[in-house]
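Visitor: For reference, the sequence and a predicted model appear below.
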Amino acid sequence: MSVSNAKLRSLLKSPLVKRGLYRSGLLDHFHHQRNRQTLTVVVFHRVIAPSDPRFSTCDPEYTLSTPIFEECLRFFCRHYNPVSMAELLDAADGLGRLPERALHVTFDDGWSDNEEFGLESLSRAGLPATLFVVSDAVDRAEPFWQERLVGAWRRGMLSTEQCRRLWHGAGGADGELELGTDRGTLEPLRAIISRLQLLDEETRGSLLAELGAALDDGVRHMVSGDQLRAMVGATFTIGSHGKTHTPLLLTADPEDELRVSRSALASRLGQPPVALSFPHGSFSPQLVGAAHRTGYRLVFTSSPELASTVGRLARCLPRIGITADGVTDDRGAFAPEKTALLLFRKPISFPAC
């Protein structure tokens with residue numbers, strides 16, 4: 001008896017069915033057959049121990065606790081063959097082939113917790129990784145303005161009236177924003193952030209400046225130069241995530257942004273980065289060309305796909321974002337069945353960018 005696609009999708013919504021598929025080995029069998037000649041690149045952002053004060057005020061969408069992160073690494077080792085940036089470069093140059101079901105771990109932005117917590121976990125698991133760093137953020141304590149707003153809201157330092165002023169200042173209309181008092185609810189704040197992102201830097205900066213010290217928590221969030229140097233050669237390869245974290249499609253001179261970032265990281269590390277991930281996943285074929293012209297041999301997008309490893313590896317590679325919601329159950333425990341369904345079924349691409 002055949003099962004319709006709609007029925008199958010309905011069945012896969014059941015946690016019990018998901019667990020059964022995973023524990024029976026059917027999902028792994030599917031993965032071994034379908035994804036044999038693919039590369040999976042995953043992207044994390046923050047990894048923080050629950051005991052660290054930053055954990056309670058960070059953006060939960062982009063943060064994993066250390067126990068969940070380590071469960072992810074065990075999952076990767078169980079189902080994939082992890083590869084390094086050097087192996088990716090060789091495959092792109094036609095000097096080698098990647099193993100079956102290859103996987104590479106990446107991080108975006110340049111958070112200090114990547115070194116404080118992520119490095120040790122990766123080293124214990126024996127997994128190589130690439131950290132894509134915003135060069136202007138190195139040695140800076142405060143996080144990006146988006147994270148500063150989230151932190152201020154979660155700490156109770158950002159009032160609903162201040163949020164309304166930001167909303168109106170960014171062009172939002174009356175009645176379109178519903179703000180509650182639940183500090184764990186971030187959807188209204190994300191709507192404000194989305195509007196602020198459309199403003200020019202000067203206008204946005206003026207609106208945020210009105211909040212004063214409410215945005216500052218006095219804690220270091222971004223990676224230091226010393227941390228970067230400690231990571232190089234240990235487990236991490238360092239790549240660029242742009243100079244300012246501005247989406248490159250919104251910058252006046254994206255090629256200059258790419259060149260300056262590469263030069264700044266080279267001066268800190270002794271050699272220029274060979275890989276780039278596009279800030280906010282914002283890219284175009286023209287930007288890919290600009291990145292290659294400025295010396296980046298591999299570029300990474302945020303397209304949630306698997307890359308084919310048939311033939312020579314492409315120099316523009318998709319990545320799948322890992323969030324806590326995507327890999328945990330309703331109780332907050334790691335759910336390997338959800339992780340498998342998140343990763344194993346993604347489209348297989350033959351990137352032409």
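Guide: Great, that's in hand. Numbers count the residues shown, from 1 in each chain.
Visitor: what sits up against stretch 223-233?
Guide: 110-112, 114-116, 119, 131, 133, 137-139, 238, 268-269 (CB atoms under 8 Å, 6 or more residues apart in numbering). (C-beta placed from N, C-alpha, C; glycine too.)
Visitor: What residues of that stretch count as buried?
Guide: Within stretch 223-233, the residues scored as buried using 16 or more other CB atoms under 10 Å are 223-224, 227-228, 231.
Visitor: Rebuild these as a markdown table, extending it with distance to Phe283 and secondary structure.
Guide: Converted to a markdown table, the buried residues of stretch 223-233 look like this (distance: CB to CB, whole Å; DSSP: H, G, I helix; E, B strand; the rest coil):
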| residue | distance to Phe283 | secondary structure |
| --- | --- | --- |
| Val223 | 23 | coil |
| Ser224 | 28 | coil |
| Gln227 | 27 | helix |
| Leu228 | 24 | helix |
| Met231 | 25 | helix |
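Visitor: now those in TSV, with distance to Leu26 and pLDDT?
Guide: Converted to TSV, those look like this (distance: CB to CB, whole Å; pLDDT from 0 to 100):
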residue	distance to Leu26	pLDDT
Val223	41	98
Ser224	46	97
Gln227	42	96
Leu228	43	95
Met231	39	93
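Visitor: So which of the contacts of stretch 223-233 sit within helices?
Guide: Per DSSP state H, helices hold the following members of the contacts of stretch 223-233: 112, 119, 268-269.
Visitor: now the helix or strand where Ser194 lies, how far from the chain's geometric center?
Guide: Ser194 belongs to helix 187-196 when assigned by DSSP states H and E. Relative to the centre of its chain, helix 187-196 is centred 19 Å away, using CA atoms, centre = their mean, to the nearest Å.
Visitor: Check stretch 65-74 too.
Guide: Distance, stretch centre to chain centre, for stretch 65-74: 15 Å (CA atoms, centre = their mean).
Visitor: for it, which positions count as buried?
Guide: Under the neighbour-count criterion of 16+ other CB under 10 Å, stretch 65-74 has 65-66, 68-73 buried.
Visitor: Export those residues as a markdown table, with columns for secondary structure.
Guide: Below are the buried residues of stretch 65-74 laid out as a markdown table (DSSP: H, G, I helix; E, B strand; the rest coil):
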| residue | secondary structure |
| --- | --- |
| Ser65 | strand |
| Thr66 | helix |
| Ile68 | helix |
| Phe69 | helix |
| Glu70 | helix |
| Glu71 | helix |
| Cys72 | helix |
| Leu73 | helix |
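Visitor: Now render these as JSON lines, adding distance to Glu255 and pLDDT.
Guide: Below are these laid out as JSON lines (distance: CB to CB, whole Å; pLDDT from 0 to 100):
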{"residue": "Ser65", "distance to Glu255": "39", "pLDDT": "98"}
{"residue": "Thr66", "distance to Glu255": "38", "pLDDT": "98"}
{"residue": "Ile68", "distance to Glu255": "38", "pLDDT": "98"}
{"residue": "Phe69", "distance to Glu255": "35", "pLDDT": "98"}
{"residue": "Glu70", "distance to Glu255": "39", "pLDDT": "98"}
{"residue": "Glu71", "distance to Glu255": "41", "pLDDT": "98"}
{"residue": "Cys72", "distance to Glu255": "35", "pLDDT": "98"}
{"residue": "Leu73", "distance to Glu255": "36", "pLDDT": "98"}
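Visitor: can you map out the helices along the stretch 151-300 of the chain?
Guide: Assigned by DSSP state H, counting those that start in this stretch, the stretch 151-300 of the chain shows helices spanning 160-169, 187-196, 201-209, 225-231, 254-269, 285-293.
Visitor: Rounded mean pLDDT for the third one, please.
Guide: Regarding helix 201-209, the rounded mean pLDDT is 95.
Visitor: That helix - contacts with which helices or strands?
Guide: Using 3 or more CB pairs under 8 Å, 6 or more residues apart in numbering; DSSP states H and E, the elements in contact with helix 201-209 are helix 145-154, helix 160-169, helix 187-196.
Visitor: Among these, show me which one is buried the most.
Guide: Most buried of those, by mean neighbour count (mean count of other CB atoms under 10 Å): helix 145-154, with a mean of 22.
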